[in-house]
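Participant: Coordinates only, no sequence provided:
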């Protein structure tokens, strides 16, 4: 019973830290991952604070699946597929380049490291965490193309880095080099089976959602889904990361067909809170690991290891920047010449900003902590503590240094507020408003002059919105009589449904993206909620 109370106390303390540091980050106008990591570091020095160790299973089995699922859900499939070549060059090409670079440098520069241990270290620090980067990018108005590529990279590079780590550990434990054919087959199996499992789970959930129309059940099912996809893929020794990402992208694409307006509003609020709490817990836990990291390092070598950590962090930053320019130009050449995409060549400033967003996160630290204590034959893994320390240094330096300098860098390079008006969303709004007006004219012809006042009022409202394309923030005044009021409610609901169906049809015709559809659907749902309040 005492252990249960201790767990409850630790959880409540962590949740309190997340709330306090989140409020402080908002007040300081700073990305909350940076504030929470620094806050966790400061807390680790306070006497009496419970020592909370980071369990890798907690990260990989409890926290990672819903965060990946939420990120995939909010990713537009159209933008993801359109930018896939650029995303691939970062999520796979850059990961391989980083692993090879660290493998070469680790064996030469780090004491006690050979190329096999360098490969393990490279795989651990290769994946990036785009939470801080994308929050800054959205706030300062970085071009949407860059934000889409950063989000896509963070979805896939976990899988490629963990695959490289699997090969590195096989080298260390078995002492033999996997063949190229065996490695390629393993990679194909991880990708193909992982994606297949995610799509199967998504199709099953899609079928259940069409039958169930109850908000608490549907929200609970949405929380359960990423865990099912992740564990099912892991049980088949495939990529659980890719399974969750594939499932999230598939269900996000289908959500406009099975989520009712009320469920969508409630699910949006639940998932926003859940992802904030999970991300907050992760970043506070990173900061609280300092005593464990320092405790495993001999005191005499602390200063030397700090120098190694800083130098290694700078090396990784430079390594990413070195890859960015040829990688970006090669991806752009493929997209323009082979795929015939009308893309302008990215400017050196835009490439540099993407290169400066290589912030590492909890995946790197969890992977380092999950390293085995002993190798083949019971030989102690002597470099394990050094790898954990280096991973911690990389996370701290990249989050704080790059995270705090990214906003002024974006402004200095003239990229802040560089986004153009969203013409796609404007055209989508125009289409749905014209569909609503057409429905009004048709209904008025059928009804005659009985409700002419209501039809004229609504038609005037929609024509005014069509002329200005402004957000519909005001509702037409309700009719004076109960009959007219009831007719107004019914017509408004019909028009909202017409608008929603038109938006879905446009998306299915590939004229608008999933992100634009989500914006419109949120407004439709809010309009539905306002009608419910007006009716009551």
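Facilitator: Structure received. The structure displayed is predicted, hence computed values, not measured ones.
Participant: Quick check: closest non-adjacent residue to the residue nearest to the spatial centre of the chain.
Facilitator: In the chain, the residue lying closest to the centroid (C-alpha atoms, centre = their mean) is residue 71, at 3.1 Å. Nearest non-adjacent residue to residue 71, counting by C-beta to C-beta, 6 or more residues apart in numbering: residue 155, 5.9 Å away. Where C-beta positions appear, they are placed from N, C-alpha and C, glycine not excepted.
Participant: quick one: buried residues of the host helix or strand of the one you found?
Facilitator: Residue 155 is part of helix 144-174, with elements assigned from DSSP states H and E. Residues 144-172 are the ones in helix 144-174 that count as buried (16 or more other C-beta atoms under 10 Å).
Participant: repeat for stretch 336-345
Facilitator: For stretch 336-345, by 16+ other C-beta under 10 Å, it's residue 343.
Participant: ok, back up a step: so what's the residue nearest to the centre of the chain scoring on pLDDT?
Facilitator: Looking at residue 71, its pLDDT is 85.
Participant: With residue 53 instead?
Facilitator: pLDDT for residue 53: 75.
Participant: next one: residue 351
Facilitator: Per-residue pLDDT puts residue 351 at 91.
Participant: I'd say it and residue 324 touch.
Facilitator: Yes - using C-beta atoms under 8 Å, residue 351 is in contact with residue 324, at 5.1 Å.
Participant: Toward the C-terminus, what is the element adjacent to the helix holding residue 155?
Facilitator: Once the chain leaves helix 144-174, the next helix or strand it forms, by DSSP H and E, is helix 180-211.
Participant: Could you list every helix and strand in contact with that next one?
Facilitator: On a contact count with 3 or more C-beta pairs under 8 Å, 6 or more residues apart in numbering; DSSP states H and E, helix 180-211 meets helix 144-174, helix 215-235, helix 240-258.
Participant: Run the angle between the helix or strand following the last one and helix 215-235 for me.
Facilitator: In other words, helix 240-258. Using DSSP H and E, the helix or strand that follows helix 240-258 towards the C-terminus is helix 261-288. With axes from the mean of the first three to the mean of the last three C-alpha atoms, to 10 degrees defining the directions, helix 261-288 sits at 50 degrees from helix 215-235.
Participant: tell me which element the residue nearest to residue 386 when sequence neighbours are not counted is part of?
Facilitator: In space, and not counting its chain neighbours, residue 386 is closest to residue 305: 7.0 Å by C-beta to C-beta, 6+ apart. Taking DSSP H and E as the definition, residue 305 sits inside helix 302-333.
Participant: Next: residue 6.
Facilitator: Using DSSP H and E, residue 6 falls within helix 2-28.
Participant: Specify the angle between that helix and helix 261-288 in degrees.
Facilitator: Using the same axes, to 10 degrees: helix 2-28 against helix 261-288 is 100 degrees.
Participant: Report all helices and strands that helix 2-28 contacts.
Facilitator: So helix 2-28, by 3+ C-beta pairs under 8 Å, 6+ apart, packs with helix 32-44, helix 261-288.
Participant: what sits against the residue nearest to residue 386?
Facilitator: Counting by C-beta atoms under 8 Å, 6 or more residues apart in numbering, residue 305 touches 297, 386, 389.
Participant: hmm, try it at 10 Å
Facilitator: Applying C-beta atoms under 10 Å, 6 or more residues apart in numbering to residue 305 gives the contacts 294, 297-298, 312, 385-386, 389-390, 393.
Participant: again with residue 69
Facilitator: By C-beta under 10 Å, 6+ apart, residue 69 lies in contact with 198, 222-223, 225-227, 229-230, 244-245, 247-249, 251-252, 271, 275.
Participant: Please pick the buried ones from those.
Facilitator: 198, 222, 225-227, 229-230, 244-245, 247-249, 251-252, 271, 275.
Participant: I'd like the distance between the residue nearest to residue 71 and residue 364.
Facilitator: The gap separating residue 155 from residue 364 is 16 Å, by C-beta to C-beta, to the nearest Å.
Participant: As TSV, the helices and strands packed on helix 2-28 with distance to residue 54 and mean pLDDT would be great.
Facilitator: What follows is the helices and strands packed on helix 2-28, written out as TSV (distance: least, C-beta to C-beta, whole Å; pLDDT from 0 to 100):
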stretch	distance to residue 54	mean pLDDT
helix 32-44	11	85
helix 261-288	5	84
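Participant: Determine which of those helices approaches residue 90 most closely.
Facilitator: helix 32-44 (19.7 Å; C-beta to C-beta).
Participant: Just after that closest one, pick out the following helix or strand.
Facilitator: Per DSSP H and E, the first helix or strand lying C-terminal to helix 32-44 is helix 56-57.
Participant: Let me know the next secondary structure element after that next one.
Facilitator: Downstream of helix 56-57, the next assigned helix or strand under DSSP H and E is helix 64-73.
Participant: Tell me who's in contact with residue 379.
Facilitator: 172-173.
Participant: Please report phi then psi for it.
Facilitator: For residue 379, the backbone dihedrals (degrees, to the nearest 10) come out as phi -70, psi 130.
Participant: Could you measure from it over to residue 113?
Facilitator: 15 Å.
Participant: Looking at the buried ones among the contacts of residue 69, which is nearest residue 79?
Facilitator: Proximity of those to residue 79 (C-beta to C-beta) peaks at residue 249, which lies at 11.1 Å.
Participant: Isn't the closest one up against residue 79?
Facilitator: No - contact criterion C-beta atoms under 10 Å: residue 249 and residue 79 do not qualify, at 11.1 Å.
Participant: Just give the number of residues close to the closest residue in space to residue 228 that isn't next to it in sequence.
Facilitator: Using C-beta to C-beta, 6+ apart and skipping the chain neighbours, the partner closest in space to residue 228 is residue 201 (5.5 Å). Residue 201 has 24 neighbours, counted by other C-beta atoms under 10 Å.
Participant: OK, contacts around residue 201?
Facilitator: Neighbours of residue 201 in contact, by C-beta under 10 Å, 6+ apart: 225-226, 228-233, 243-244, 246-247, 250-251.
Participant: try 8 Å this time
Facilitator: Residue 201 sits next to 225, 228-229, 232, 243, 247 when contact means C-beta under 8 Å, 6+ apart.
Participant: go on, residue 247?
Facilitator: Going by C-beta under 8 Å, 6+ apart, residue 247 touches 69, 72, 198-199, 201-202, 205, 225-226, 229.
Participant: helices and strands of the protein: which one bottoms out on pLDDT?
Facilitator: Lowest on mean pLDDT, DSSP states H and E among the helices and strands of the chain sits helix 482-508, with a mean of 59.
Participant: hmm, back to that, could you point out which of the contacts of residue 201 is nearest to residue 5?
Facilitator: residue 228 (31.3 Å).
Participant: What is the burial count for the closest one?
Facilitator: Burial of residue 228 is recorded as 19 neighbouring residues (other C-beta under 10 Å).
Participant: So for it, what pLDDT did the model give?
Facilitator: 95.
Participant: and if you look at residue 533?
Facilitator: On the pLDDT scale, residue 533 is placed at 58.
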